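1. Quick one: sequence and predicted model below, then my questions.
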Amino acid sequence: MLIVGNWKMYGLAGGVGEARALASALDTAPTAARIGLCPPALLIARLVAAVAGSKLSIGGQDCHALSEGAYTGDLSAEMLGDAGATLVILGHSERRAGHGETDQIVAGKVNGALRAGLMPIVCVGETLEQRQAGGAEAVVTAQVVGSLPDSVAEADFAIAYEPVWAIGSGLTPTPAEIEAMHAAIRETLASRFSGAGRKIPILYGGSVKPANAAELLHLNEVGGALVGGASLKAKDFEAIIRAA
Ligand code: 13P
């Protein structure tokens, strides 16, 4: 089980205290799940220092495909790693929609993350229009295929299925819809990576809260969660982790 918090563009210095509170809660009541927290990049080094020695891994929310260059405002995977990050979220729908990231661009970033030794968490998900048109599984499995470069075959990585319409909306797909989508993703991974494809964690993301976490995390082929809003407060995120 892998449970990762995505703080998005939320969090100032006060976020360090939340991360510390979460780390000490996990120390006193350990969990078997792997836990990650992906704050805004400027907080990575501070969170790494604040939670050193705990079970919490710290990650980025995006990276450039290249290790360095004349790309004003961008950060490379090597820079995230240098700050102490060990994982990175890539291809989030907010970046696909707001920054024009295509599957090909995401695949380049996955290569960059692997080169720098970071674990990529590759996000996929359909819009409401795509689901209503009956094309959700085709859209999502095509994103899985297109966003994964061949270099990922032997690597430690995860997929996060996040329906765009479930993000920040309080809505979630039905348990049957989640299981059907995760099964379709699993078959796509297994046909590309054979045995290894059966072990890649497939996280669910989109309005995961303390109240629904136990149900969502125990569905077939759900190997964890990518949590937005409810990861900002240590108490809420801890409750989700406890539900695993
Ligand atoms: P919410 O949990 O706030 O719906 O966000 C989900 C998400 O986008 C995580 O990456």
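-> Arrived safely, thanks for sending. Residues are numbered from 1 along each chain as shown.

2. what's the neighbour count on the residue nearest to Gly206 when sequence neighbours are not counted?
-> Among residues not flanking Gly206 along the chain, Ala166 sits closest, at 2.8 Å (CB to CB, 6 or more residues apart in numbering). From N, CA and C alone the C-beta is placed, and that goes for glycine too. Counted with other CB atoms under 10 Å, residues neighbouring Ala166 total 23.

3. Outside of the lengthiest helix in the chain itself, which residues are in contact with it?
-> Longest helix in the chain by number of residues (criterion: DSSP state H): helix 175-197. For helix 175-197, contacts defined as CB atoms under 8 Å, 6 or more residues apart in numbering pick out 124, 136-137, 140-141, 144-145, 148, 153-154, 159, 161, 172-173, 198, 200, 202, 204, 215-216, 219-222.

4. at 6 Å instead, please
-> 137, 141, 144, 153, 159, 161, 198, 200, 202, 204, 219-222 (CB atoms under 6 Å, 6 or more residues apart in numbering).

5. Make TSV out of these and add secondary structure and pLDDT.
-> Putting these into TSV (DSSP: H, G, I helix; E, B strand; the rest coil; pLDDT from 0 to 100) gives the following:
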residue	secondary structure	pLDDT
Glu137	helix	98
Thr141	helix	98
Val144	helix	98
Ala153	coil	90
Ile159	strand	98
Tyr161	strand	98
Arg198	coil	95
Ile200	coil	97
Ile202	strand	98
Tyr204	strand	98
Leu219	coil	98
Asn220	coil	98
Glu221	coil	98
Val222	coil	98
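
6. could those residues go into TSV alongside distance to Leu26?
-> Below are those laid out as TSV (distance: CB to CB, whole Å):
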residue	distance to Leu26
Glu137	35
Thr141	34
Val144	30
Ala153	32
Ile159	24
Tyr161	25
Arg198	28
Ile200	24
Ile202	23
Tyr204	21
Leu219	24
Asn220	26
Glu221	25
Val222	21
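
7. Contacts only, for the residue nearest to Gly206.
-> Taking CB under 6 Å, 6+ apart as the definition, contacts of Ala166 comprise Thr172, Gly206, Ser207.

8. Closest to Val106 out of these?
-> Distance to Val106, by CB to CB, is smallest for Gly206 among the contacts of Ala166, at 18.3 Å.

9. Need phi/psi at that closest one.
-> Backbone geometry at Gly206, expressed as degrees, to the nearest 10, gives phi 130, psi 100.

10. just the one 4 residues further on next, same as before
-> Geometry field for Pro210 lists phi and psi as phi -50, psi -40, criterion degrees, to the nearest 10.

11. What is the neighbour count of the residue of the chain found nearest the ligand?
-> Residue nearest to the ligand within the chain: Gly228 (2.2 Å; CB to the nearest ligand atom). Residues near Gly228, counting by other CB under 10 Å, number 20.

12. Could you do Lys8 as well?
-> With other CB under 10 Å as criterion, Lys8 counts 19.

13. Met79 now?
-> Neighbours of Met79 under the rule other CB under 10 Å: 18.

14. Tell me how far the closest residue to it other than its chain neighbours lies from Lys235.
-> Distances taken as CB to CB, 6+ apart place Cys63 nearest to Met79, at 7.8 Å, with adjacent residues excluded. Using CB to CB, to the nearest Å, Cys63 is found at 30 Å from Lys235.

15. same check, this time on Ala196
-> 37 Å.

16. got it, and Ser191?
-> Counting by CB to CB - Ser191 and Lys235 are separated by 41 Å.

17. ditto for Thr141
-> For Thr141, the distance to Lys235 - CB to CB - is 36 Å.
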